[in-house]
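S.K.: How does the following fold in three dimensions:
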Amino acid sequence: MGRTPDKALLRSRPVSTTGTLLRFLLIAALAVTAVSISLLHGSSGIGWREALAALAGGGDETARSIVLGVRLPRTLAALGVGSVLALAGVLLQALFRNPLADPYVLGVSGGAAVGALVALIAGAGAVATRGGAFAGSMAAIGLVAIAGRGGGMTRLLLTGVVVASACGACVAVLLALADSGQLRGMVFWLAGDLGWAADPWASGLAALAALALALAFARPLNVLAAGELRAQAAGLDLAFARWAIFLASAALTSTAVITAGTVGFVGLVTPHAARLAFRTGDHRIVAPAAALLGGSFVALADHAARMIAAPRQLPVGAILALIGAPLFLVLLRSTVSEPRVRR
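M.R.: I've put the predicted structure just below:
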């Protein structure tokens, strides 16, 4: 009798310490490459030597303004947002034991979108818009938590889907009510735009806190992924662990949405990529690997968004969707084609 693909991955043969270290070095090299490309290459005509000089505090004023004022904040924000979304995806896929769970399934992004669009229609600035997004995301989290309480993970998941659908309808109404001059900013926010990242250090610190949280939750996540019976046998407090993971993932998603708007596919794709790269479901390995992959993915996508139609900038969320959709299909095919292990 065969096992489902995600269980086969979780129970596949362990990777040697040397193999794990080598894979981590390759992923770290990818992250360094993504950061280097984002910082040293752009559409402004500034060469890599001038960019390095600007990063060191030298060079001319124009180069310093572009590199330190535009490229560096966006790169840091991309790393933070990608890592946060990837870790939220790791938490949710373990929580629901569903490989299709992603950070936006809980309705957090929908609530944030409603709050941000209401603020934009009212003529609010960037700070007030982020405040509106935060208030909307918290309202969505509270609604899902209250309505989904007492019915298990299935009810919580379905409640999140319903809240997300209702928020989508509210977004459509708000777009119809908005003036033509407001639509461009609203569409860019909905599609994901790192130009909103006024304080990139916040998302970077959130990513570090999320990684520490995921590593602290590694054992409960591994136990939850093995099934409820094993979790109970291991003495895990299922109710507490589930709500702690739910609230942590919701808070992480809210942080990412407030920073960059709706950026999809990162939390769905990168946990699968990490599991396939290391051939394991051990969250002590999957969590940091997914964080590095998520940050690299968003940084490269943001660079592409700045370069493809330069001097115009495309929304990074659209680039991620165009890349993430076929990439997920490839990963899904690789997962399904994993050889089944006989009992």
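
S.K.: only C-alpha atoms for contact and neighbour calcs from this point on.
M.R.: OK.

S.K.: Report the central residue of the protein.
M.R.: Leu85 (1.8 Å; C-alpha atoms, centre = their mean).

S.K.: mind listing what the nearest residue to Val171 once chain neighbours are set aside touches?
M.R.: Closest residue to Val171 apart from its sequence neighbours, by C-alpha to C-alpha, 6 or more residues apart in numbering: Val114 at 5.8 Å. Residues near Val114 by C-alpha atoms under 8 Å, 6 or more residues apart in numbering: 133, 136, 167, 170-171, 174.

S.K.: so Arg312 touches Ser44, yeah?
M.R.: No - with contact defined as C-alpha atoms under 8 Å, Arg312 does not reach Ser44; the gap is 11.7 Å.

S.K.: what mean pLDDT does the helix or strand that contains Ser83 have?
M.R.: If you go by DSSP states H and E, Ser83 is part of helix 72-96. Mean pLDDT, helix 72-96: 88.

S.K.: Can you name the next helix or strand after that helix?
M.R.: Following helix 72-96 toward the C-terminus (DSSP H and E): helix 108-121.

S.K.: In this structure Leu215 contacts Asp282, no?
M.R.: No - using C-alpha under 8 Å, Leu215 makes no contact with Asp282, being 10.4 Å away.

S.K.: ok, now which ones touch the closest residue to Glu228 other than its chain neighbours?
M.R.: Counting by C-alpha to C-alpha, 6+ apart, Glu228 lies nearest to Leu238, which is 8.0 Å off, once chain neighbours are set aside. Shown in contact with Leu238 (C-alpha under 8 Å, 6+ apart): 228, 231-232.

S.K.: please redo it, this time with the cut-off set to 10 Å
M.R.: 220, 223-224, 228, 231-232, 244 (C-alpha atoms under 10 Å, 6 or more residues apart in numbering).

S.K.: which of these are buried?
M.R.: 220, 223-224, 231 (16 or more other C-alpha atoms under 10 Å).

S.K.: Pick out the lowest-pLDDT one from these.
M.R.: Among these, Ala231 has the lowest pLDDT, at 73.

S.K.: List the residues that contact the residue nearest to the centre of the chain.
M.R.: 91, 102-104, 207, 210, 249, 252-257, 263-268, 270-271, 290-291, 294-295.

S.K.: please redo it, this time with the cut-off set to 8 Å
M.R.: Residues near Leu85 by C-alpha under 8 Å, 6+ apart: 103, 252-253, 256, 266-267, 294.

S.K.: I'd like those as TSV, with pLDDT appended.
M.R.: Below are these laid out as TSV (pLDDT from 0 to 100):
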residue	pLDDT
Pro103	81
Leu252	84
Thr253	84
Ala256	85
Val266	90
Gly267	88
Gly294	92
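
S.K.: I'd like the next helix or strand past the helix or strand Asn222 falls within.
M.R.: Asn222 belongs to helix 218-225 when elements are defined using DSSP H and E. Beyond helix 218-225 in the direction of the C-terminus, DSSP H and E gives the next helix or strand as helix 228-233.

S.K.: so where's this structure shaky on pLDDT?
M.R.: 1-16, 151, 196-200, 203, 334-343 (pLDDT under 70).

S.K.: What's the separation between the residue nearest to Arg155 when sequence neighbours are not counted and Ala122?
M.R.: Leaving aside its chain neighbours, Arg155 sits nearest to Gly148 (5.4 Å; criterion: C-alpha to C-alpha, 6+ apart). Gly148 is 32 Å from Ala122, where distance means C-alpha to C-alpha, to the nearest Å.

S.K.: So those two - more neighbours on which side?
M.R.: Neighbour count, other C-alpha atoms under 10 Å: between Gly148 and Ala122, Gly148 has more, with 18 against 13.

S.K.: quick one: that one and Thr159 touch, right?
M.R.: Yes - the pair Gly148 / Thr159 is scored as a contact, 5.8 Å apart, by C-alpha under 8 Å.

S.K.: where do the contact lists of those two overlap?
M.R.: Joint contacts of Gly148 and Thr159 (C-alpha under 8 Å, 6+ apart) do not exist.

S.K.: State the next helix or strand along the chain beyond the helix or strand containing Val35.
M.R.: Assessed by DSSP H and E, Val35 sits inside helix 17-40. Counting by DSSP H and E, the next helix or strand C-terminal to helix 17-40 is helix 48-55.

S.K.: Pro288: what's its closest spatial neighbour, skipping adjacent residues?
M.R.: Pro288 sits nearest to Leu211 (C-alpha to C-alpha, 6+ apart), 6.5 Å away.
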